[in-house]
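> Kindly return the folded structure for what I paste below:
(one chain, ligands or ions: 1)
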Amino acid sequence: MTGCGGAGGWRRRADVVIVGTGVAGLAAALAAHRRGLRVVLLSKAAETATFYAQGGIAVVLPDVLRDGGDSVDAHVADTLAAGAGLCDPAAVRSIVADGFDAVTELVAAGARFDESEPGRWALTREGGHSRRRIIHAGGDATGAEVQKALDLAAASLDIRRNHVALDLILDGGAIAGVTVLSDDGVGAVYAPSVILATGGLGHLYSATTNPDGSTGDGVALAIWAGLPVGDLEFIQFHPTMLYAGAGIGRRPLITEALRGEGAKLVDRQGRSVTDGVHPMGDLAPRDVVAAAIEARLSETGDECVYLDARGIADFPTRFPTVTASCLEAGIDPVRQPIPVVPGAHYSCGGVVTDVDGRTGISGLFAAGEVARTGMHGANRLASNSLLEGLVVGRRAGTAAAEHATVAGPTRIVDPGPQVRPALPRAELQAAMTRYASVVRTADGLHRIRDLVGTAPVRNLRNRNDFEDAALTAVASAVADAALARTETRGCHHRSDHPLTDPAQAVSIASGLAPATVGC
Ligand code: SIN
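Numbering: from 1, shown residues only. Sure, this is the predicted structure:
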């Protein structure tokens, strides 16, 4: 990064600035770096959601394809079925078809996946998949392996830690850089290409499987810049987050791969939770299983259901991460059913992009969970997120490098003042948890809008201020989107509109007509 001095805070220049260092950010950075450009990564927090991913990467392998055991068509069909009518089929096909190539590059970077026999990757299954197509690493530590390989590959890149991207800087409608808060105060990094790879927004809720930094930053930056965001009503609740009383903040995930290996979801009386709910039973898509759990909890008044994984052979070896989390909570998963509840896990919507990560602002890209490519529709298929992050991250890095080469250096434009409405986090999270979780009503969603309307304006002086402001902006957009969708579809359940309405099989994106959303 090149310094350029001047008044009004510190200033730096780069060709490509990437906000976020999970799978999408690092894949993008490596692609842009390979093209010889000055890449700067801004990292707000030590932990990424990528690191915590357990299940794996859904990918069609050439040898399985040759044996007739799987196909791109089958993976596309499963993704579209889970997406409940809202995926963009062309986007899904494009991303799925590029999966093996992206995984091959990851292996070249040093990632190692579990094998069933020498030279053959072990495949598992998760909800919504019609076959075994999920590769995994370290048993249930796939994300940690992916993060480790990409961290190593990117070790020589310019990664700025404790740097919070506060705002996008625009010049005549094109991106010109990012306003940043670092230990040196507020400054700016100017660049003709910026990639948002900020991850998700699980901390809209009191408890989530996401790490601390998942506060909807990229979506908020896009909203403040007037960019379309879409499908935000579809927040996926993972059916099995470890339940340990009223725990708040990041809670351990209990991977769906347990159900792929035969674990059963039961209530306190030992009755199946999903019998008669869906032909795929416990391996139905996530939205179906999460809603079945919610229904059982409201029928019984219990606080959790249980995942009985006692029949799985070699449990501690196959699932070391889950084993450690359970033991830490005083549960032995080899001998006891694991108490679980649905937990906020993944944002299916986000900043509207094409399959190369391009947004509606020239030079601005988004990739990974922050983006809405049309891959996930109303409900993401399990283990399609690392896949999308790898594929679209790499493409966005390439496209951003090409754009920067053509556009050349940007002008220095002074960043605006950093003042935004921001609610106290716990108050916002309590309202979102109560009114915008798995099941919603118009009344509850209006309460969120009313609360957001009372948010006092705050000077964004530190990371916490910025995150509160981002969460407030995103909560407002989620409530608006959830109110506008007067039906039940995918992971958006309205108890006051319990049916799916075929007329609403279109994305709702702020600032875009539905027909143009699939860009
Ligand atoms: C899991 O391991 O169950 C989570 C995988 C995912 O979110 O795709």
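
> For the stretch 51-200 of the chain, which residues are neighbours of the ligand?
Remark: the part of the stretch 51-200 of the chain in contact with the ligand comprises Ala53, Gln54, Gly55, Glu126, using C-beta under 6 Å from any ligand atom. Quick note: C-beta positions are derived from backbone N, CA and C, even for glycine.

> Now with 5 Å, please.
Residues of the stretch 51-200 of the chain lying close to the ligand (C-beta under 5 Å from any ligand atom) are Gln54, Gly55.

> now the helices: where do they sit in the stretch 51-200 of the chain?
Ranges of helices in the stretch 51-200 of the chain, per DSSP state H, counting those that start in this stretch, are 62-67, 72-82, 89-97, 99-108, 142-153.

> Can you read off the pLDDT for Trp10?
Looking at Trp10, its pLDDT stands at 94.

> Point out the most buried one among the helices of the stretch 51-200 of the chain.
helix 142-153 (a mean of 22; mean count of other C-beta atoms under 10 Å).

> and Ser220, how many neighbours?
Ser isn't right for residue 220; it's Ala. 26 (other C-beta atoms under 10 Å).

> Distance of it relative to the ligand?
As judged by C-beta to the nearest ligand atom, to the nearest Å, Ala220 and the ligand stand 23 Å apart.

> May I ask you to confirm that that residue is in contact with Ala470?
Yes: at 3.6 Å, Ala220 and Ala470 qualify as touching, with contact defined as C-beta atoms under 8 Å.

> Kindly point out which residues are neighbours of both of those two.
When C-beta atoms under 8 Å, 6 or more residues apart in numbering defines a contact, no residue borders Ala220 and Ala470 alike.

> quick one: what helix or strand has Arg449 in it?
Arg449 is part of helix 442-453, with elements assigned from DSSP states H and E.

> for that helix, what is the average pLDDT?
On average, helix 442-453 scores 98.

> Name the SS class of Gly393, please.
Going by DSSP: H, G, I helix; E, B strand; the rest coil, the secondary structure assigned to Gly393 is helix.

> wait, it sits on Ala27?
Yes: with contact defined as C-beta under 8 Å, Gly393 reaches Ala27; the gap is 3.2 Å.

> quick one: common contacting residues for those two?
With C-beta under 8 Å, 6+ apart as the test, Gly393 and Ala27 both reach Ala367.

> Check the burial of Ala505 by counting its neighbours.
15.

> Now do the contacts for it.
Counted by C-beta under 8 Å, 6+ apart, Ala505 has contacts Gly85, Leu86, Arg489.

> Phi, psi for the first one please.
The main-chain torsion angles of Gly85 are listed as degrees, to the nearest 10 and equal phi 90, psi 0.

> Counting neighbours, what do you get for the residue nearest to Gly357 when sequence neighbours are not counted?
Nearest non-adjacent residue to Gly357, counting by C-beta to C-beta, 6 or more residues apart in numbering: Ala396, 2.9 Å away. Other residues near Ala396 number 34, with proximity taken as other C-beta under 10 Å.

> quick one: Ala396 and Thr410, what's the gap?
18 Å (C-beta to C-beta, to the nearest Å).

> Ala246 too?
48 Å.

> Same drill for these two, tell me which one is more crowded.
Thr410 (20 against 8).

> Out of the helices and strands in the protein, which is least certain?
Taking mean pLDDT, DSSP states H and E as the measure, the chain has strand 2-3 as its least confident helix or strand, at a mean of 54.

> Which phi and psi values does the nearest residue to His33 once chain neighbours are set aside adopt?
Spatially, and ignoring its direct neighbours in sequence, His33 is nearest to Val39 (5.0 Å; C-beta to C-beta, 6+ apart). Main-chain dihedrals, Val39, degrees, to the nearest 10: phi -110, psi 130.

> Numbering from 807 from now on, please.
OK, 807 is where the count begins now, so the last one is Val845.

> Going by proximity to the ligand, name the top residue of the stretch 857-1006 of the chain.
Gly861 (2.7 Å; C-beta to the nearest ligand atom).

> Next, the angle from the helix or strand that His839 is a member of to helix 948-959.
Using DSSP H and E, the element containing His839 is helix 829-840. Between helix 829-840 and helix 948-959, the angle comes out at 20 degrees (axes from the mean of the first three to the mean of the last three C-alpha atoms, to 10 degrees).

> Let me have the helices of the stretch 857-1006 of the chain in CSV, adding distance to Ala1184 and mean pLDDT as columns.
Formatted as CSV, the helices of the stretch 857-1006 of the chain follow (distance: least, C-beta to C-beta, whole Å; pLDDT from 0 to 100):
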stretch, distance to Ala1184, mean pLDDT
helix 868-873, 28, 90
helix 878-888, 8, 97
helix 895-903, 13, 98
helix 905-914, 22, 97
helix 948-959, 24, 97
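
> of all the ones you listed, which lies closest to Asp920?
helix 948-959 (8.8 Å; C-beta to C-beta).

> for that closest one, the distance to its chain's centre please.
17 Å (C-alpha atoms, centre = their mean, to the nearest Å).

> Could you name the helices and strands sitting against that helix?
helix 829-840, helix 855-858, helix 905-914, helix 1191-1213 (3 or more C-beta pairs under 8 Å, 6 or more residues apart in numbering; DSSP states H and E).

> Show residues contacting that helix.
827-829, 832-833, 836, 854-863, 912, 915-919, 941-944, 1127, 1192, 1196.

> Could you tell me the angle between that helix and helix 1191-1213?
30 degrees.

> picking up where we left off before, filter the contacts of helix 948-959 down to just the buried residues.
Among those, those scoring as buried are 827-829, 832-833, 836, 854-863, 912, 915, 917, 919, 941-944, 1127, 1192, 1196 (criterion: 16 or more other C-beta atoms under 10 Å).

> hmm, back to that, any chance of the helices and strands packed on helix 948-959 in a markdown table with distance to Arg1164 as columns?
Below are the helices and strands packed on helix 948-959 laid out as a markdown table (distance: least, C-beta to C-beta, whole Å):
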| stretch | distance to Arg1164 |
| --- | --- |
| helix 829-840 | 13 |
| helix 855-858 | 22 |
| helix 905-914 | 18 |
| helix 1191-1213 | 6 |
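
> hang on, the earlier thing: looking at the helices of the stretch 857-1006 of the chain, which is closest to Ser1168?
helix 895-903 (20.9 Å).

> and the angle from the closest one to helix 1191-1213?
Relative orientation of helix 895-903 versus helix 1191-1213 (the same axes, to 10 degrees): 100 degrees.

> coming back round to it: which is the next helix or strand following the helix holding Arg1255?
Toward the C-terminus, helix 1248-1259 is succeeded by strand 1263-1265 as the next helix or strand (DSSP H and E).

> Strand partners (parallel or antiparallel) of that next one?
strand 1225-1227 (antiparallel) (DSSP bridges).

> pLDDT averaged over the strand it pairs with, what's the number?
The model assigns strand 1225-1227 a mean pLDDT of 97.

> buried stuff in it?
Under 16+ other C-beta under 10 Å, the buried positions of strand 1225-1227 are Arg1226, Pro1227.
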